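Colleague: quick check, what structure comes out for this input:
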Amino acid sequence: IDKSNCFGGAASNCLVQPFMLFATQINGERYELCRGIFQEIGKKLSEKGKLETCGNDTFFDDEYLKLILNGMITESGAEILFHANLIGVNKKEDRLESVVISTKSGAVTLYADYFIDATGDAVLTYLSGYSCRVGRESDGLCQPMTLCFRLANVDTKNLDRRKINELYKEKKKLGEISNPREDVLIFKTLTDGVLHFNTTRIVKLNPLDIYDITKAEIEARKQVYEIYEFLKENFECFKNSEIISTASEIGVRESRMIDGEYVLTGEDLKNLTIFDDSIAVGNYDLDIHNPEGSGTSHYFFKGGEYYSIPYRSLIPKGARNLLVCGRCISADHEAQAAIRIMPIVCCIGEAAGAAIVQAVGSECNVGEINVKALQEELENSGAIIR
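Modeller: So this is what the prediction gives:
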């Protein structure tokens with residue numbers, strides 16, 4: 001089930017672009033860390049000319065991605081239900097029995113033996129009564145929310161990011177720019193004359209509070225037009241530009257994280273820990289956008305370095321038939337800032353799906369599956385786990 005009209009999560013609903021760093025250099029060769037289903041998706045995009053790697057970033061056609069995902073899920077035999085919002089659960093002791101969704105047809109109850117929480121905000125886990133945390137440990141503040149947008153009719157050949165950011169900083173000092181972000185973050189796209197902007201910044205609002213989310217959407221749209229007018233008025237290459245799209249939903253970097261059987265930490269990542277129950281790896285940096293205002297901190301990994309994600313971080317404490325995937329797995333503020341990117345969470349999702357298949361076959365709790373068999377299954381599907 002999905003709350004929107006397509007699959008893809010942040011890529012589809014929040015206009016998030018591009019796929020961030022998911023490869024490293026080993027013996028001078030590019031070594032992709034996120035493979036399996038993610039690599040299969042990339043291959044399907046490439047075959048239609050809808051994927052392009054430039055430096056550390058991989059750009060993709062998000063509309064074609066929606067079509068690909070529809071096809072992959074339909075071909076798998078799974079039933080699909082769009083426009084379905086999770087509003088409740090029915091639970092007996094430590095087992096979930098059913099979920100309740102809100103639809104245009106009214107409330108619908110869906111029964112299953114096992115469940116995967118892929119809501120991003122750990123909504124299913126929270127409604128099921130399992131322990132969760134919000135934001136950073138010191139004060140509960142989350143990384144900023146961002147409404148992405150795109151401009152068309154840009155003279156990209158004469159784009160000068162350095163000059164744009166120099167003037168942007170001057171305008172901020174003069175109080176002519178209200179956006180707390182420290183710079184203008186611009187990405188290319190696969191379409192000539194179209195640029196992608198990941199540069200609005202909403203701080204100190206709770207991404208789990210419906211009133212705060214509403215405020216965030218309203219303020220972020222003001223920031224979109226503030227940036228657009230700044231560019232159009234000051235740079236010739238934007239003279240004929242127009243806003244062609246804003247995300248249908250504001251992007252959330254961080255909100256709830258489950259309290260799992262293991263809490264993955266920033267130190268685990270910095271130590272390049274390879275867990276015995278590893279189900280995915282990555283090397284994206286600890287990329288923490290300041291929850292209070294300007295500034296973004298980074299801890300980068302060297303070529304050939306990467307960390308792993310343990311299966312235990314997908315299991316809510318005490319859960320028997322529920323797994324969690326996505327940015328809301330059991331991790332601290334630092335670790336979550338690295339493992340939240342789309343390529344990595346795609347691999348986590350594949351692992352959760354494979355683990356549930358094994359649990360169904362063995363009729364066991366999610367914490368009792370044969371992890372080595374799960375790892376072998378993932379590796380046979382092309383995944384890198386260690």
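Colleague: C-alpha from now on. contacts and neighbour counts both.
Modeller: Fine.
Colleague: can you report how many residues lie near T53?
Modeller: 11 (other CA atoms under 10 Å).
Colleague: specify the beta-bridge partners of it.
Modeller: When bridges are taken as DSSP bridges, the partners of T53 come out as T58.
Colleague: quick one: it and L21, what's the gap?
Modeller: Relative to L21, T53 is positioned 10 Å away (criterion: CA to CA, to the nearest Å).
Colleague: please list all residues in contact with I210.
Modeller: Listed by CA atoms under 8 Å, 6 or more residues apart in numbering, I210 has no contact partners.
Colleague: 10 Å - rerun?
Modeller: With contact set as CA atoms under 10 Å, 6 or more residues apart in numbering, I210 has these partners: A216.
Colleague: if I look at it, how far off is E217?
Modeller: Between I210 and E217 the distance, using CA to CA, works out to 11 Å.
Colleague: how about C237?
Modeller: Applying CA to CA, one obtains 28 Å for the distance of C237 from E217.
Colleague: what's the burial count for F59?
Modeller: Using other CA under 10 Å as the criterion, F59 is surrounded by 18 other residues.
Colleague: ok, and the closest non-adjacent residue to it?
Modeller: The shortest distance from F59 to any non-neighbouring residue, by CA to CA, 6 or more residues apart in numbering, is to P18 (4.8 Å).
Colleague: settle this for me: that neighbour is touching C148, isn't it.
Modeller: No - assessed by CA atoms under 10 Å, P18 is found out of contact with C148, at 11.5 Å.
Colleague: mutual contacts of these two, please.
Modeller: Here P18 and C148 have 196, 198 as joint contacts, going by CA under 10 Å, 6+ apart.
Colleague: all helices of the stretch 151-300 of the chain, in order?
Modeller: Using DSSP state H, counting those that start in this stretch, the helices of the stretch 151-300 of the chain run over residues 161-173, 210-234, 266-270.
Colleague: just say which of those is most tucked in.
Modeller: Taking mean count of other CA atoms under 10 Å as the contact definition, the stretch among those with the greatest mean neighbour count is helix 266-270, which reaches a mean of 18.
Colleague: ok, and the closest non-adjacent residue to K171?
Modeller: Spatially, and ignoring its direct neighbours in sequence, K171 is nearest to I177 (5.8 Å; CA to CA, 6+ apart).
Colleague: quick one: contacts for the one you found?
Modeller: Taking CA under 10 Å, 6+ apart as the contact definition, I177 lies against 168-171, 223, 226-227, 230.
Colleague: next, give me the two most distant ones among those residues.
Modeller: The widest separation within the contacts of I177, taken as CA to CA, falls between E170 and Q223 and amounts to 16.9 Å.
Colleague: who's A331 bridged to?
Modeller: L264.
Colleague: tell me the contacts of it?
Modeller: Taking CA under 10 Å, 6+ apart as the contact definition, A331 lies against 133, 257-260, 262-266, 309, 313-314, 337, 339.
Colleague: surely S308 is in a strand?
Modeller: Yes - the assignment for S308 is a strand, going by DSSP: H, G, I helix; E, B strand; the rest coil.
Colleague: ok, the residue nearest to F59 - contacts?
Modeller: Neighbouring residues of P18 by CA under 10 Å, 6+ apart: 11, 51-53, 56-62, 187-189, 196, 198, 341-342.
Colleague: what of E363?
Modeller: Going by CA under 10 Å, 6+ apart, the list of residues near E363 reads 113, 321, 356-357, 369.
Colleague: got a markdown table for those residues, with distance to E32, pLDDT and secondary structure too?
Modeller: Putting the contacts of E363 into a markdown table (distance: CA to CA, whole Å; pLDDT from 0 to 100; DSSP: H, G, I helix; E, B strand; the rest coil) gives the following:
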| residue | distance to E32 | pLDDT | secondary structure |
| --- | --- | --- | --- |
| D113 | 35 | 97 | coil |
| N321 | 32 | 98 | coil |
| I356 | 26 | 98 | helix |
| V357 | 26 | 97 | helix |
| I369 | 28 | 98 | coil |
